[in-house]
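Novice: What follows is a predicted structure for the sequence shown.
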Amino acid sequence: MHRRLHGRAGYRKVAGVTVTAALGLAAVAACSSSTTSGSSASTTSHVTVGGFCAPPSSSPVPYKEWNEDVAAFEKANPNITIQSIYSAQCDVPATLTAQLAAGTEPDVYETYFGDLNQALDAGQAADITQYVNSKTVPVWNDIVPSAIAPVTAGKTLYGIPIFNYTQGLVINRKLFTEAGLNPNTPPTTWAQVETDAAAITKLGNGIYGYGDYSAGNNGGWHFTSELDANGGAMTNAAGTTASFDTTQGMQVLEALHTLRFTDKAMSASQGLAWGTLQKQMAAGKLGMYIAAPDDIYDVIVPIDGGNINDFGMGPLPSVSGTPAGTLSGGDAYLFAKRDTPAQIEAGIKWINFEDLTLGQGQFNFARLKADGIPVGFYEPQLFQGATNTAYTALLDKYTTINESYYSTFVNANEKPDGQPADDQALYKSLDPVMLSVLTNPNANIPQLLAGATTAVNQILANSSGG
């Protein structure tokens, strides 16, 4: 593993956050269509390509940087207009599903690594195989195969990956210290999480030791990662049947139920979706929750006002203390089936400029540092070979964080397990399980797991993806 900061992709990665900028169908429609059907972006004919995930004005620094990049790109490419969607979250699962069903997705649309099947099922993904190579995307051969696989079906390429991640345990080092705990040794077992969460909760003043999600597909998302760490899996290897109604699944839910009702180390306010735990962490009201590092550098610090020195990370908790794996994922751009060749070429050119060129766009670490955005986090390696070597050197040159605060997370070297088949539908099916476990003191966990298994098996049986 490596750790990296880019300053913007965190707006894209997380599951189910509410869009804060308008993303209506009319706006999306305005972002589509080239002025010259079938034209090439390399000609003098003008082409407009819409979509992309731009930070909203409520995030002033990333917003400024994005607009600087658009201006620079359009100056260098006067025949291309980029129409951005300014949103805190571009891939909202329910919104994307509705857009794909109606054929109203943007020209170039952001997806999670698990979204390709539904785009193909809806007939809304363009084949971009002929457009992507080491000339149009110079680092293409150095992108890790595990990031290209989620946007590939057979030998056909449908998308371009721009970000990948794994999850760990985010901790509030300040609260750990105030509770008499050692922030340099985050808990690794669920038993240790319980002990530390109880100690942090005793600080009072509305502070709780642990938090988790149970709405907006986020509950199932987190359950999957916690299950992976505990040695389980959401589905069998073929992705055809559910496999979470196991001892490992029981242990995760029992640990959460104990934290909530025995230790009272979780808030009585539940049904939480993405964004709430980050705010609690930034405000010094939460001791621990699971997330990827970009929650810290893209949300907790620049948006919610947290102090970068208050946070650190450890590996995901498990019963054994050694995580068997972790849910891994990422983001990619897909292209609408209706796109002209000119729009596809222009979209690829922008993605290469903004997301896949070292020293600029999301990898402009010098600018991020100058703008006060923390630099130095890593994610699972997007690059390999010479690009990775250059990337690491660039990151190390501009790092601003105390890397020791994340050393136990890095050193755990958690195995990325990828997303389950039909991930968002599966996550949605597990939200009610998580909600019941966190709101019902008498929750029947075996019954909940059995019911969710039936629902998930039906989803998988109806899927043409897998």
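Specialist: Done, it's in. Numbers count the residues shown, from 1 in each chain.
Novice: so how far is the helix or strand hosting V437 off the chain centroid?
Specialist: According to DSSP states H and E, V437 maps onto helix 423-439. Distance, stretch centre to chain centre, for helix 423-439: 18 Å (CA atoms, centre = their mean, to the nearest Å).
Novice: try stretch 109-122
Specialist: Worked out by CA atoms, centre = their mean, stretch 109-122 lies 15 Å from the chain centre.
Novice: got the CA positions of the helix holding V437 in CSV?
Specialist: Extracted C-alpha coordinates of helix 423-439, given in CSV (Å, rounded to 0.1, in the frame of the first residue of the first chain):
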residue,chain,number,x,y,z
ASP,A,423,-22.7,-3.8,-4.9
GLN,A,424,-25.1,-0.9,-4.4
ALA,A,425,-28.2,-3.2,-4.5
LEU,A,426,-26.5,-5.5,-1.9
TYR,A,427,-25.5,-2.6,0.3
LYS,A,428,-29.1,-1.3,0.2
SER,A,429,-30.3,-4.7,1.3
LEU,A,430,-28.1,-4.6,4.4
ASP,A,431,-29.0,-1.1,5.5
PRO,A,432,-32.1,-2.3,7.4
VAL,A,433,-30.0,-5.0,9.1
MET,A,434,-27.5,-2.4,10.4
LEU,A,435,-30.3,0.0,11.4
SER,A,436,-32.1,-2.7,13.4
VAL,A,437,-28.9,-3.7,15.1
LEU,A,438,-28.2,-0.1,16.1
THR,A,439,-31.7,0.8,17.1
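Novice: can you pull the buried residues of that helix?
Specialist: For helix 423-439, a neighbour-count test (16 or more other CB atoms under 10 Å) marks 423-438 as buried. Yep, even glycine has a C-beta here, placed from its N, CA and C like the rest.
Novice: what's the closest of those residues to H257?
Specialist: Using CB to CB, V437 is the member of the buried residues of helix 423-439 that lies nearest H257, at 5.0 Å.
Novice: roughly how far apart are that closest one and Q270?
Specialist: The gap separating V437 from Q270 is 9 Å, by CB to CB, to the nearest Å.
Novice: Could you tell me which residues touch both of those two?
Specialist: S214, R260 (CB atoms under 8 Å, 6 or more residues apart in numbering).
Novice: If you average the pLDDT over the helix holding V437, what comes out?
Specialist: Averaging pLDDT along helix 423-439 yields 94.
Novice: Can you tell me the closest non-neighbouring residue to Y391?
Specialist: Leaving out its chain neighbours, the residue that sits closest to Y391 by CB to CB, 6 or more residues apart in numbering is F383, at 5.3 Å.
Novice: Specify the beta-bridge partners of that neighbour.
Specialist: Taking DSSP bridges, one finds I143 as the beta-bridge partners of F383.
Novice: show me the contacts for it.
Specialist: V139, D142, I143, V144, Y391.
Novice: mind redoing it with 10 Å?
Specialist: The neighbours of F383, taking CB atoms under 10 Å, 6 or more residues apart in numbering as the test, are 2, 4, 139, 142-144, 147, 356, 358, 389-392.
Novice: Could you write me a ChimeraX select line covering just the buried ones among those residues?
Specialist: Those of the contacts of F383 that count as buried under 16+ other CB under 10 Å are selected in ChimeraX with:
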select :4,139,142,143,144,147,356,358,391
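Novice: For the stretch 1-150 of the chain, which segments count as strands?
Specialist: Applying DSSP state E, counting those that start in this stretch to the stretch 1-150 of the chain gives strands spanning 47-54, 80-86, 108-112.
Novice: so of the ones you listed, which one's packed in deepest?
Specialist: strand 108-112 (a mean of 27; mean count of other CB atoms under 10 Å).
Novice: angle of it against helix 423-439?
Specialist: Angle, strand 108-112 to helix 423-439, by axes from the mean of the first three to the mean of the last three CA atoms, to 10 degrees: 50 degrees.
Novice: model confidence over strand 108-112, on average?
Specialist: On average, strand 108-112 scores 92.
Novice: picking up where we left off before, any idea how far the residue nearest to Y391 is from S146?
Specialist: Counting by CB to CB, the gap from F383 to S146 is 12 Å.
Novice: again, but for S429
Specialist: 26 Å.
Novice: Show me what the helix or strand containing F409 is packed against.
Specialist: According to DSSP H and E, F409 maps onto helix 407-412. Under the contact definition 3 or more CB pairs under 10 Å, 6 or more residues apart in numbering; DSSP states H and E, helix 407-412 sits against strand 168-172, strand 311-314.
Novice: helices or strands next to the strand or helix carrying Q251 in the packing?
Specialist: Q251 belongs to helix 247-257 when assigned by DSSP H and E. Counting contacts by 3+ CB pairs under 10 Å, 6+ apart, helix 247-257 is packed against helix 190-201, helix 218-229, helix 423-439, helix 445-462.
Novice: these two touch, right, L449 and P432?
Specialist: No: contact criterion CB atoms under 10 Å: L449 and P432 do not qualify, at 11.4 Å.
Novice: V92 and N217 touch, don't they?
Specialist: Yes: with contact defined as CB under 10 Å, V92 reaches N217; the gap is 9.4 Å.
Novice: ok, and the closest non-adjacent residue to W66?
Specialist: That would be A54: by CB to CB, 6+ apart, it lies 4.9 Å from W66.
Novice: and that neighbour, what does it touch?
Specialist: Contacts of A54 by CB under 10 Å, 6+ apart are 8, 11, 21, 62-63, 66-67, 69-70, 82-87, 90, 354.
Novice: Out of these, which end up buried?
Specialist: 8, 11, 21, 62-63, 66, 69-70, 82-87, 90, 354.
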